[in-house]
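1. Sequence unavailable; structure follows:
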């Protein structure tokens, strides 16, 4: 998958607040989205969610290693080119590359939280596992990145809500 298409996917996802799964469905079934991405051949394969996740990781790693935000560079170039072509009121707020980078980091932290929650669940005694399975079912279905694919960006950015209260009871399986 060309890098320009991967970047455009991140822009569309952030702009519309889509989850990874919704983004994938839009690319597969929405001709307007395909056209915007330059994917005119309907028989051509589209990206996989794993490809998108790997791309995000590489962008994040590069920014951490070098201190250079590639997404910021993309937005600066696009903005400068458009301002040169069209007289635009520059006082209006535009979608910023930092929003996309923070969304990438947000999903990374969410993946970590899901992985920890799944590991904790595996360590619980059988009786406690059954009890917590119902409460944590959304987080226990699939691998952490798969759970994140199904989480919309708006949901991921909300203030933290307690997963549930975990009082430790003495002398039993009481988690």
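-> Sure thing, it's come through. Treat the numbers as computed from the prediction; the structure is a model and nothing was measured.
2. going forward, measure contacts and count neighbours with C-alpha atoms only.
-> OK.
3. Is residue 78 within a helix or a strand, and which one?
-> Using DSSP states H and E, residue 78 falls within helix 70-85.
4. Tell me which other helices or strands that helix touches.
-> helix 97-123 (3 or more Cα pairs under 8 Å, 6 or more residues apart in numbering; DSSP states H and E).
5. switch to 10 Å and redo it
-> Contact here means 3 or more Cα pairs under 10 Å, 6 or more residues apart in numbering; DSSP states H and E; on that basis helix 70-85 packs against helix 3-16, helix 49-66, helix 97-123.
6. closest one to residue 41 among these?
-> helix 3-16 (14.2 Å; Cα to Cα).
7. re earlier: going by neighbour count, list what's buried in the helix holding residue 78.
-> 70, 71, 72, 75 (16 or more other Cα atoms under 10 Å).
8. Quick check: mean pLDDT of that helix?
-> Helix 70-85 comes out with an average pLDDT of 83.
9. Would you mind getting the angle between that helix and helix 3-16?
-> With axes from the mean of the first three to the mean of the last three Cα atoms, to 10 degrees as the basis, helix 70-85 and helix 3-16 are set at 90 degrees to each other.
10. Now do stretch 22-39: distance from first to last residue.
-> End-to-end span of stretch 22-39 (Cα to Cα, to the nearest Å): 17 Å.
11. Would you mark the buried spots in that stretch?
-> 22, 23, 24, 26, 27, 33, 34, 37, 39.
12. tell me which element the third one is part of?
-> With elements delineated by DSSP H and E, residue 24 resides in helix 20-29, which encompasses its position.
13. In the protein, where is pLDDT below threshold?
-> For the chain, the stretches with pLDDT under 70 are 87-108, 151-175.
14. swap the cut-off to 90 and go again
-> 1-2, 11, 14-15, 17, 40-49, 71-72, 74-175 (pLDDT under 90).
15. can you list contacts of stretch 28-36?
-> Contact with stretch 28-36 is made by 5, 8-9, 12, 22-24, 26-27, 37-42, 45-47, as judged by Cα atoms under 10 Å, 6 or more residues apart in numbering.
16. Measure how far that stretch is from the centre of its chain, please.
-> Stretch 28-36 sits 20 Å away from the centroid of its parent chain (Cα atoms, centre = their mean, to the nearest Å).
17. what does stretch 50-57 give?
-> Using Cα atoms, centre = their mean, the offset of stretch 50-57 from its chain centre is 10 Å.
18. Go through it and flag the buried ones.
-> Under 16+ other Cα under 10 Å, the buried positions of stretch 50-57 are 52, 53, 55, 56.
19. Okay, the nearest residue to the first one once chain neighbours are set aside and residue 59: tell me how far apart.
-> Closest residue in space to residue 52, ignoring its immediate chain neighbours: residue 6 at 6.9 Å, by Cα to Cα, 6 or more residues apart in numbering. Here residue 6 is placed at a distance of 11 Å from residue 59 (Cα to Cα).
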